[in-house]
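>>> build me a model:
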Amino acid sequence: MEKISSVQSSRVKAWQKLQSKKGRQASQTYLLDGWHLVQEAINHGGKLRAIMATTEQLAQHSEELPLGVPVFEINIEIAKKLSDLVTPQGIFAEVTLPVATRAPQFIHDGAWLFLDGIQDPGNIGTMVRTADAAGYAGVVFGHGTVDPYSPKALRAMQGSQFHLTLTVGDLKEWTAAFTQNDMNVYGTQLDKSAADLFTVPAQSQFALIMGNEGQGMQPELATMTTQNLYIPLTGQAESLNVAVAAGVAMFALKTR
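Model (predicted):
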């Protein structure tokens, strides 16, 4: 085990770069912050490149760390450099970014969530976690959607990225491929001319599109769907947060 005590260490500087999308793309890795996320990676096949932990965290979790993964002992000053939290736990893992291997034309089953231009990383993480909870097969991040491997998104996912497929793609191509494979693709709109979500029968093979927080789905994408849906609101609020709306729609549409 290598001990690192300086925040000026080249390793520390390299790990710090993983806080940015540019740094993650350059290294093709990302950083997990906190024992729960590290544990999820260990237990569910995350490709760990390194584990970094303070003396206290190593004492707590040394028996659970996987063999063959380099472990670095760090101090709390370094932990604060690696985390965007005020009081980090003090344990991190560098994990290889997944390589998407699924093409839409070969998908014939499962429930999928398509994200069209979602901008808030907390919303992204919450929707991935909810898709996991609802038994969805995967989430496709369309162009204009924020990076799902940012620290805030990862905290909101709570490790769900290890339980389902995450991939980036052109949602027009994915929508066209799904409909060609006789899978329904449902859009969501804040529009009473769309169909009431709760009138659509639950099913097991389909895709659900959630659009940008302010603008909704791309107009062209909305014309390609099987049907566009809205959530009827009975109170005084004009709309729902996109992650809340996604949760309602995901559970309503999918058979259990």
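>>> next, the distance between the ends of stretch 14-34.
18 Å (Cα to Cα, to the nearest Å).
>>> buried residues in it?
By neighbour count on 16 or more other Cβ atoms under 10 Å, the buried set for stretch 14-34 is Trp15, Leu18, Gln19, Gly23, Arg24, Ser27, Thr29, Tyr30, Leu31, Leu32, Asp33, Gly34. The way it works is simple: take the backbone N, C-alpha and C, and place the C-beta from them, glycine included.
>>> which two among these are spaced furthest apart?
Farthest apart among the buried residues of stretch 14-34 by Cβ to Cβ are Ser27 and Gly34. That separation is 20.2 Å.
>>> counting neighbours, what do you get for Arg11?
Number of residues near Arg11 (other Cβ atoms under 10 Å) recorded here: 17.
>>> skipping adjacent residues, who's closest to it in space?
Ile4 (6.1 Å; Cβ to Cβ, 6 or more residues apart in numbering).
>>> so how far is stretch 236-251 off the chain centroid?
How far stretch 236-251 lies from its chain's middle: 18 Å, per Cα atoms, centre = their mean, to the nearest Å.
>>> hey, C-alpha coordinates of that stretch in CSV?
Output in CSV follows, covering the C-alpha atoms of stretch 236-251 (Å, rounded to 0.1, in the frame of the first residue of the first chain):
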residue,chain,number,x,y,z
GLN,A,236,-52.8,24.2,-7.8
ALA,A,237,-49.2,23.5,-8.9
GLU,A,238,-48.7,24.2,-12.6
SER,A,239,-46.1,21.4,-13.1
LEU,A,240,-43.9,18.8,-11.4
ASN,A,241,-40.2,18.6,-11.1
VAL,A,242,-38.9,16.5,-14.0
ALA,A,243,-37.5,13.8,-11.7
VAL,A,244,-40.7,13.6,-9.8
ALA,A,245,-42.7,13.4,-13.0
ALA,A,246,-40.4,10.7,-14.3
GLY,A,247,-40.9,8.7,-11.2
VAL,A,248,-44.7,8.8,-11.5
ALA,A,249,-44.6,7.9,-15.2
MET,A,250,-42.0,5.1,-14.8
PHE,A,251,-44.0,3.3,-12.2
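>>> how many neighbours does the closest residue in space to Asn75 that isn't next to it in sequence have?
Spatially, and ignoring its direct neighbours in sequence, Asn75 is nearest to Ser5 (5.9 Å; Cβ to Cβ, 6+ apart). Burial of Ser5 is recorded as 11 neighbouring residues (other Cβ under 10 Å).
>>> okay, now Asp147: neighbour count?
16.
>>> OK, contacts around it?
Going by Cβ atoms under 8 Å, 6 or more residues apart in numbering, Asp147 touches Lys21, Arg24, Pro121, Ala153.
>>> these: which two are farthest apart?
Every pair of those checked by Cβ to Cβ; the farthest is Arg24 and Pro121, at 12.9 Å.
>>> quickly list the domain ranges of this protein.
2-96, 104-253 (automatic domain parsing).
>>> can you list those in a markdown table and add mean pLDDT?
Converted to a markdown table, the domains of the chain look like this (pLDDT from 0 to 100):
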| stretch | mean pLDDT |
| --- | --- |
| domain 2-96 | 97 |
| domain 104-253 | 96 |
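>>> so where do the strands sit in the protein?
Secondary structure of the chain, counting by DSSP state E: strands at 2-3, 29-33, 48-53, 71-73, 91-96, 111-116, 138-141, 165-168, 184-188, 195-196, 206-211, 227-230.
>>> how about the ones you listed in JSON lines, adding distance to Ala131?
Output for those, formatted as JSON lines (distance: least, Cβ to Cβ, whole Å):
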{"stretch": "strand 2-3", "distance to Ala131": "38"}
{"stretch": "strand 29-33", "distance to Ala131": "19"}
{"stretch": "strand 48-53", "distance to Ala131": "24"}
{"stretch": "strand 71-73", "distance to Ala131": "32"}
{"stretch": "strand 91-96", "distance to Ala131": "20"}
{"stretch": "strand 111-116", "distance to Ala131": "5"}
{"stretch": "strand 138-141", "distance to Ala131": "5"}
{"stretch": "strand 165-168", "distance to Ala131": "10"}
{"stretch": "strand 184-188", "distance to Ala131": "14"}
{"stretch": "strand 195-196", "distance to Ala131": "22"}
{"stretch": "strand 206-211", "distance to Ala131": "9"}
{"stretch": "strand 227-230", "distance to Ala131": "17"}
